[in-house]
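Sequence unavailable; structure follows:
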């Protein structure tokens, strides 16, 4: 965590957001503003330390937003805001995982104190509670998927797009997917197409075929390689993904420990695992996701 506490302020009243943002800035906090529960879920990607969440909002109300926040970031402390007469509803939110609640309009010093207390609790919880696989995975809805009858050319286009797409998970913007999950007719994962598969597909078979013993020392000339790569790429462009894809990745349960994920990757020499909940694939965890978690743990310990 940085020296400044980052607060995600969620309220549909623009004037209240503006006033509160100015107050929090003067008190030394970083602020992220959201005008709805739906926007608040997207803003979780900015890694706030504390959420201040209004209960009564159109669309996704505070209770619904709290449930989704706790699903995605169980240890993120949330302070609920309620108007006069809404205390029973606020107290209900405590049972659903909220840190505390305040009645609007609230005293500034009390708000600041609650934020600091909530942040302190969040830091303490993060020190003892490891994240699970589901908390660091890439959701399946944000991963690149194609059917097995799509062409290699179409897969390359989608892979290229994944390196530049802006989605809610900042890690994806930094690293890209580097692979496409291949789906069957029922939406099940039947394979994976990674950059490695593309390189193997363009490789002429005779280069890897056994050579006569007297040919072991043959050195290919620059002329031999000339134009070979371009020709091979054009030859595979119309092939079906099913013809060159690898088998479906190994799977791991969504609630599994990160050490189990690290063990499976290193033991099986793979770079990604599909994440399964109740028999259904819900995401993918990659080696870079574990790297980012290593960085997060070290940053929190500083």
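It's in. Quick caveat: nothing in here was measured; it's all calculated off a predicted structure.

these two touch, right, residue 251 and residue 273?
Yes: look at residue 251 against residue 273 with Cβ atoms under 8 Å: they come within range, at 6.3 Å. All C-beta spots, glycine's among them, are computed from the backbone N, C-alpha and C.

looking at this protein, which helix or strand does the model trust least?
Counting by mean pLDDT, DSSP states H and E, the chain has its least confident helix or strand at helix 170-175, which shows a mean of 47.

so where's the stretch 201-302 of the chain shaky on pLDDT?
211-219, 300-302 (pLDDT under 70).

Tell me where it has helices.
Remark: helices assigned in the stretch 201-302 of the chain by DSSP state H, counting those that start in this stretch are 205-208, 222-225, 228-236, 241-244, 258-268, 287-301.

okay if I get those as CSV plus distance to residue 137 and mean neighbour count?
Below are the helices of the stretch 201-302 of the chain laid out as CSV (distance: least, Cβ to Cβ, whole Å; neighbours: other Cβ atoms under 10 Å):
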stretch, distance to residue 137, mean neighbour count
helix 205-208, 35, 8
helix 222-225, 40, 8
helix 228-236, 31, 13
helix 241-244, 23, 16
helix 258-268, 9, 15
helix 287-301, 7, 14
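
Among those, which comes closest to residue 195?
helix 241-244 (11.7 Å; Cβ to Cβ).

Based on its surroundings, how many neighbours for residue 150?
Neighbourhood size, residue 150 [other Cβ atoms under 10 Å]: 19.

Just the pLDDT for it.
Listed pLDDT for residue 150 reads 96.

what residues are up against it?
Residues in contact with residue 150, defined by Cβ atoms under 8 Å, 6 or more residues apart in numbering, are 240-241.

Quick one: list the elements packing against the helix or strand where residue 159 lies.
According to DSSP states H and E, residue 159 maps onto helix 152-162. Counting by 3 or more Cβ pairs under 8 Å, 6 or more residues apart in numbering; DSSP states H and E, the packing neighbours recorded for helix 152-162 are strand 145-147, strand 179-183, helix 195-202, helix 241-244.

Could you rerun that using 10 Å?
strand 145-147, strand 179-183, strand 189-194, helix 195-202, helix 228-236, helix 241-244 (3 or more Cβ pairs under 10 Å, 6 or more residues apart in numbering; DSSP states H and E).

Run the chain-centre distance for the fifth one.
When you say that, I think you mean helix 228-236. Remark: helix 228-236 is offset 34 Å from the chain centroid, using Cα atoms, centre = their mean, to the nearest Å.

re the thing from before, if we go by neighbour counts, what in the helix holding residue 159 is buried?
152, 154-156, 158-159, 162 (16 or more other Cβ atoms under 10 Å).

Residue ranges in the stretch 1-150 of the chain under the pLDDT threshold?
Looking at the stretch 1-150 of the chain by pLDDT under 70, you get 1-3, 84-86, 122-129.

Quick one: end-to-end distance for stretch 132-144.
22 Å (Cα to Cα, to the nearest Å).

The helix holding residue 159 vs strand 189-194, what angle?
Between helix 152-162 and strand 189-194, the angle comes out at 70 degrees (axes from the mean of the first three to the mean of the last three Cα atoms, to 10 degrees).

List the contacts of helix 152-162.
Contact with helix 152-162 is made by 142-147, 150-151, 165, 172, 175-180, 182, 193-195, 197-198, 201-202, 233-241, 243-245, as judged by Cβ atoms under 10 Å, 6 or more residues apart in numbering.

between residue 251 and residue 273, which one's more packed in?
Neighbours were counted for residue 251 and for residue 273 using other Cβ under 10 Å; residue 273 has more, 24 against 16.

quick one: the closest residue to that one other than its chain neighbours and residue 137, what's the gap?
Nearest non-adjacent residue to residue 273, counting by Cβ to Cβ, 6 or more residues apart in numbering: residue 252, 4.7 Å away. Between residue 252 and residue 137 the computed distance is 9 Å (Cβ to Cβ, to the nearest Å).

Touching both of the two, which residues are there?
261, 273-275, 283, 285.

Where strands are concerned, which of those count?
273-275, 283, 285 (DSSP state E).

Closest to residue 55 out of those?
For these, the residue nearest residue 55 by Cβ to Cβ is residue 283; the value is 29.8 Å.

Mind splitting this structure into its structural domains?
Domain segmentation of the chain under automatic domain parsing yields 6-128, 135-301.

now, of those, which is deepest in the fold?
The highest mean neighbour count among the domains of the chain, using mean count of other Cβ atoms under 10 Å, belongs to domain 6-128: a mean of 17.

No more questions from me, cheers.
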